[in-house]
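Colleague: Kindly return the folded structure for what I paste below:
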Amino acid sequence: MDGGDVMVHCSNCEAPLAELWVTRPEMSIKTEVVAECPHCGDKSYIVELEGKFHLGHTDVTTVVNIEMESERDDDGNLVQKVLFKTVKGDEPYET
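Modeller: Residues are numbered from 1 along each chain as shown. So this is what the prediction gives:
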């Protein structure tokens, strides 16, 4: 089942930081994602997802580490807060 895809961009320089694909939208998982930007030192806005997702790099940014906190809400849903640590990718990013 396809839940779509989302490109995570820096809130300051708009560099593409990570691509996310929701592959199981029916799963009881709620995730808030933030990615750090290696191009300007800022970070993305919070991206909210529902369901299981997969992560992909971009041409200009590579995810090198993931920090995650998780808990269950009152309805039994898994709630995650995820921070992607990134470095500059193979291609230069030009603003």
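
Colleague: Can you pull the poorly scored residue ranges out of the chain?
Modeller: Of all residues in the chain, those with pLDDT under 70 make up the ranges 1, 95.

Colleague: Now do the strands in it.
Modeller: In the chain, strands defined by DSSP state E lie at 5-9, 16-24, 29-35, 47-50, 52-56, 61-72, 78-88, listed in chain order.

Colleague: how about the nearest residue to Asn77, chain neighbours excluded?
Modeller: Beyond its immediate neighbours in the sequence, the residue positioned closest to Asn77 (Cβ to Cβ, 6 or more residues apart in numbering) is Ser28, lying 4.4 Å away. Yep, even glycine has a C-beta here, placed from its N, CA and C like the rest.

Colleague: The one you found - how many residues pack around it?
Modeller: Applying other Cβ atoms under 10 Å, we find 14 residues neighbouring Ser28.

Colleague: can you tell me which residues contact the residue most central in space within the chain?
Modeller: By Cα atoms, centre = their mean, the chain has its centre lying nearest to Val33, at 4.6 Å. In this structure, Val33 makes contact with Val8, Ala18, Leu20, Ser44, Ile46, Val47, Glu48, Leu49, Val82, Phe84, judged by Cβ atoms under 8 Å, 6 or more residues apart in numbering.

Colleague: Can you select the buried ones among the residues you listed for me in ChimeraX?
Modeller: Only the buried entries of these go into this ChimeraX selection, using 16 or more other Cβ atoms under 10 Å:
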select :8,18,20,44,47,49,82,84
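
Colleague: Would you format the contacts of Val33 as JSON lines with distance to Arg72 included?
Modeller: What follows is the contacts of Val33, written out as JSON lines (distance: Cβ to Cβ, whole Å):
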{"residue": "Val8", "distance to Arg72": "25"}
{"residue": "Ala18", "distance to Arg72": "25"}
{"residue": "Leu20", "distance to Arg72": "22"}
{"residue": "Ser44", "distance to Arg72": "26"}
{"residue": "Ile46", "distance to Arg72": "20"}
{"residue": "Val47", "distance to Arg72": "21"}
{"residue": "Glu48", "distance to Arg72": "17"}
{"residue": "Leu49", "distance to Arg72": "17"}
{"residue": "Val82", "distance to Arg72": "16"}
{"residue": "Phe84", "distance to Arg72": "23"}
